[in-house]
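Trainee: have a look at this prediction, sequence included:
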Amino acid sequence: MIGIVGYGAYLPRYRIKAEVIATQWGADPASVTRGLQLFEKTVPGQDEDTITIAVEAAKNALRRAQIDPREIGAVYIGSESHPYAVKPSGTILIDALGIGPHVHVASYEFACKAGTEAMYVAYSHVKSEEMRYALRIGADTSQGAPGDALEYSASAGGAAFIMGREKVVAEILHTHSYTSDTPDFWRREGEDYPRHGGRFTGDPAYFKHITEAGKALLEKSKLSPGDFRYAVFHMPNGKFPMEVGKRLGFTKEQIETGWLVPWMGNTYSGSSPTGLAAVLDVAKPGDLIFMVSFGSGAGSDGFTYRVTDEISKVQDRAPKVRQMLDEKKIYLNYGEYAKFRRKIKLND
Amino acid sequence: MRDVAVVGTGMTKFGELWGQSIRDIFVEAAQQAITDSGVDHVDSLYVGSMSPGLFVNQEHLGAVIADYLGVNPIPATRVESACASGGAAFRQAFLEVASGASDIVLAGGVEKMTDGADVTDALATAADQEYEVYHGITFPGLYAMIAKAHMHQFGTTREQLAAVAVKNHRNGAKNPNAQFRSEVTLAQVMGSTMVADPLRLLDCSPVSDGAAAVVVASLDVARKLNKSFVKVIASAQASDTIALHGRESITTFKAVVEAVKKAYKIANLRPADINLVEVHDCFTIAEIVVSEDLGFFEKGKGGEAVAQGLTAIEGGRIPINTSGGLKAKGHPVGATGIAQIIELYEQLTSHAGPRQVKNVRRGMAQNMGGSGASCVVHILEAQ
């Protein structure tokens, strides 16, 4: 059996409400919260970045897996906000967590699905018996230009998963990826904020790739939507995952456990992985989970999981996602938010 | 000048046509028009397009289109007159046939606006760069000033502006080629996102892709085709100062007044002789001002008229924008002037389906560039 042996997430404590951002730019707060189903989002603290978030999430995954970090053969971090353009994020992480140095490390980037592509590679390494454990993380401190629609959603957080063969808590049953050259969202080298094609990010991008990957995954698994207890989709806003789930035949009840975006925002590479972590926090042995990510550019990675008897042993070993989402929140005003996100340019 | 007729029409659906390029959509519309007309060739073609260079980095559009339409080596020319490019292209085709230089000419219009270009900046090139745009003004800003002045001078209300959008969406909902086929309420228009006070999102025409084409022929050719056609009984064009500040009044478009005066004179008609009009409602205020400038309502009464339903299909005195107008049908800039002619053709040949206005004999199309610095007016008559 191959699958997840440990998982963990991390969300910063800082929040900003969508209505605060809307008011700042003279937009109608109700149309944002109602239209996009976004109420508040996480904001990274002044000393947090993709690497610190990845470290916290991986620490929680190690707490659950209870393995010797030195047995991890590969560490992959997927993000579109790696702090360095040139210098891997994973090297700092392995030193912080006592992994390696006999380890393969790489940074992944594929807009919002860098985390699941890292998961696919980590899973393949274990499946091919190249190594005993592989760690993959999806984490981001995503960027949204001031005043842009993305500013309501771009947030911070991440989730880490350790793949292995023993004491598996969720077995990976099937995978399927669907990719095409669809430039719906991009950021060029040296630019501070991504650009996007407005509604073009919807039907031809998000909906097409998730439904195609999802349909193929259902076909491969010979399962129907009703067989799954939970479904997790990439969450750029509150509306899209519910809508794409409906198109594939899933119900609101199957989606809402992992539907964190109205209060978390879009954690980009950490989005569907954090949703999966929230599902694993409450899943019962035997539950089937359906998950399809989406990364602009564009592609989707789909996975089906079966939760095992091991799950109940690990759930309480680390903080749960809903706990991090709901407790100890610190709200920022727009000025503090602009300072935290370094939107204010200072002299050296 | 000899008599000229419109003998065939074709257009794409207007909207976000992400699966097609500018040449694809023009060829689709042009082929439809040629097939519809039944002609076996065209002698030349004109394509109206405001800014393919800025929108999709393609200039020399006449040649591109003639090539992909497979009509080389006929003369092919792009006509540019900002948002009036389509109307101006139609006028060139009309003049070429009327003069006897050609018998059959294709007049088309196209714009591909949703491929990623900065649309507001591209459109702003139709205003005065040195005196308006450098100071930060955009088209919603210019028309907002016109609206404010009209409200101040004549008491036009916010509700009356919204009534234009409500009516045009109601008409557009019945047009299979329209970008927006949904009705909106006064409250939705007045509660939509503010763009430039007093204009809100639903006061503005959308950003669209689309192409439209018609075949124009001499009356002799038209009669031999054995199908319905409509006669072009007036073609007129006028210009005005490029910048708003150069005008005596900004609550009237002088180019519209001048162009329609010429058109009425050519056709020997009065406003009461016209049964329906397609006007350039790039913003709701534009429809109100233009409806007055064309002589259908007294100056200052256009807002009241639309609010009272005088411009509606059902029960209106002079139905305006039965197609849905730029507001609901969509506004792929260069295609707009041609699409107006197509709506008149459908109405005058009784092919407008649920939008059909009863007992129509003459229709007018008014196409305008910039903040009214160019205006083209055509009057068409049923045969």
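Mentor: Looks like it arrived, so ask away.

Trainee: for the rest of this, base every contact and every neighbour count on C-alpha atoms.
Mentor: Noted.

Trainee: how about the helices in the stretch 101-250 of chain A?
Mentor: Assigned by DSSP state H, counting those that start in this stretch, the stretch 101-250 of chain A shows helices spanning A:114-127, A:208-221, A:239-248.

Trainee: contact partners of the second one?
Mentor: So that's helix A:208-221. A:173-179, A:224-225, A:233, A:244, A:247-248, A:292-294, A:298-304 (CA atoms under 8 Å, 6 or more residues apart in numbering or on different chains).

Trainee: quick one, which of these are buried?
Mentor: Among the contacts of helix A:208-221, those buried by neighbour count (16 or more other CA atoms under 10 Å in any protein chain shown) are A:173, A:175-179, A:225, A:233, A:244, A:248, A:292-294, A:298-304.

Trainee: what sits opposite residue B:239 in the beta ladder?
Mentor: Beta-bridge pairing for residue B:239 (DSSP bridges): residue B:374.

Trainee: quick one, domains of the chain?
Mentor: Assuming you mean chain A. A:3-169+A:311-339, A:171-307 (automatic domain parsing).

Trainee: actually chain B
Mentor: According to automatic domain parsing, the ranges for chain B are B:4-118+B:207-224, B:119-205+B:233-382.

Trainee: mean neighbour count and mean pLDDT for those - can I get that in CSV?
Mentor: Formatted as CSV, the domains of chain B follow (neighbours: other CA atoms under 10 Å in any protein chain shown; pLDDT from 0 to 100):
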stretch, mean neighbour count, mean pLDDT
domain B:4-118+B:207-224, 22, 97
domain B:119-205+B:233-382, 22, 97
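
Trainee: what are the ranges of the strands in the stretch 101-250 of chain A?
Mentor: Assigned by DSSP state E, counting those that start in this stretch, the stretch 101-250 of chain A shows strands spanning A:104-108, A:133-141, A:156-164, A:170-182, A:185-186, A:195-196, A:230-233.

Trainee: okay, angle between the fourth one and helix A:114-127 too, please.
Mentor: In this case it means strand A:170-182. 130 degrees (axes from the mean of the first three to the mean of the last three CA atoms, to 10 degrees).

Trainee: near chain B at all, strand A:170-182?
Mentor: No: judged by CA under 8 Å from any CA of the partner chain, strand A:170-182 and chain B are separated, with a smallest distance of 10.9 Å.

Trainee: just give me how far stretch A:95-107 sits from the chain centre.
Mentor: 21 Å (CA atoms, centre = their mean, to the nearest Å).

Trainee: over to stretch B:48-68?
Mentor: Averaging C-alpha positions (CA atoms, centre = their mean) puts stretch B:48-68 19 Å from its chain's average.

Trainee: contacts for that stretch, please.
Mentor: With CA under 8 Å, 6+ apart, stretch B:48-68 has contacts from B:22-23, B:26-27, B:45-47, B:72-74, B:76-83, B:85-89, B:107-119, B:122, B:333-335.

Trainee: please tabulate the domains of chain B in a markdown table and include distance to residue A:134 as additional columns.
Mentor: Output for the domains of chain B, formatted as a markdown table (distance: least, CA to CA, whole Å):
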| stretch | distance to residue A:134 |
| --- | --- |
| domain B:4-118+B:207-224 | 40 |
| domain B:119-205+B:233-382 | 47 |
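
Trainee: right, so of the ones you listed, which gets closest to residue A:85?
Mentor: domain B:4-118+B:207-224 (26.3 Å; CA to CA).

Trainee: mind checking the end-to-end distance for the closest one?
Mentor: 13 Å (CA to CA, to the nearest Å).

Trainee: circling back to that earlier point, dump the helices of the stretch 101-250 of chain A to a markdown table, plus mean pLDDT.
Mentor: Formatted as a markdown table, those follow (pLDDT from 0 to 100):
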| stretch | mean pLDDT |
| --- | --- |
| helix A:114-127 | 96 |
| helix A:208-221 | 98 |
| helix A:239-248 | 98 |
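
Trainee: that older thread, will you turn the domains of chain A into JSON lines that also has distance to residue B:161?
Mentor: Shown next, in JSON lines, are the domains of chain A (distance: least, CA to CA, whole Å):
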{"stretch": "domain A:3-169+A:311-339", "distance to residue B:161": "21"}
{"stretch": "domain A:171-307", "distance to residue B:161": "27"}
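
Trainee: of all the ones you listed, which lies closest to residue B:212?
Mentor: Using CA to CA, the domains of chain A put domain A:171-307 closest to residue B:212, at 23.5 Å.

Trainee: beta partners for the closest residue to residue A:175 other than its chain neighbours?
Mentor: Of all residues not flanking residue A:175 in the chain, residue A:303 sits nearest, at 4.5 Å (CA to CA, 6 or more residues apart in numbering or on different chains). Beta-bridge pairing of residue A:303, defined through DSSP bridges, involves residue A:175, residue A:291.

Trainee: wait, residue A:303 touches residue A:288, no?
Mentor: No: the criterion here is CA atoms under 8 Å, and residue A:303 misses it with residue A:288 at 10.6 Å.

Trainee: most centrally placed residue in the chain?
Mentor: This is for chain A. Against the mean C-alpha coordinate of chain A, by CA atoms, centre = their mean, the closest residue is residue A:270 at 2.0 Å.

Trainee: chain B was what I was after
Mentor: Central residue of chain B (CA atoms, centre = their mean): residue B:337, at 3.4 Å.

Trainee: count the neighbours of whichever residue of the stretch 51-200 of chain A sits closest to chain B for me.
Mentor: Nearest residue of the stretch 51-200 of chain A to chain B (CA to the nearest CA) works out as residue A:197 at 6.5 Å. Other residues lying near residue A:197 total 16 when counted by other CA atoms under 10 Å in any protein chain shown.

Trainee: which element is residue B:111 on?
Mentor: strand B:104-112 (DSSP states H and E).

Trainee: which strands and helices lie in contact with that strand?
Mentor: Using 3 or more CA pairs under 8 Å, 6 or more residues apart in numbering or on different chains; DSSP states H and E, the elements in contact with strand B:104-112 are helix B:22-37, strand B:44-48, helix B:52-56, helix B:85-98, strand B:209-218, helix B:333-348.

Trainee: quick revisit: the residue nearest to the centre of chain A is in contact with residue A:115, isn't it?
Mentor: Yes: if you go by CA under 8 Å, residue A:270 and residue A:115 touch, sitting 6.3 Å apart.

Trainee: follow-up on the earlier one: worst average pLDDT in the strands of the stretch 101-250 of chain A?
Mentor: Among the strands of the stretch 101-250 of chain A, strand A:195-196 carries the lowest mean pLDDT, a mean of 90.

Trainee: quick check, distance from that one to the centre of its chain.
Mentor: With CA atoms, centre = their mean, you get 20 Å for strand A:195-196.

Trainee: which bits of chain A sit near chain B?
Mentor: A:27, A:28, A:197.
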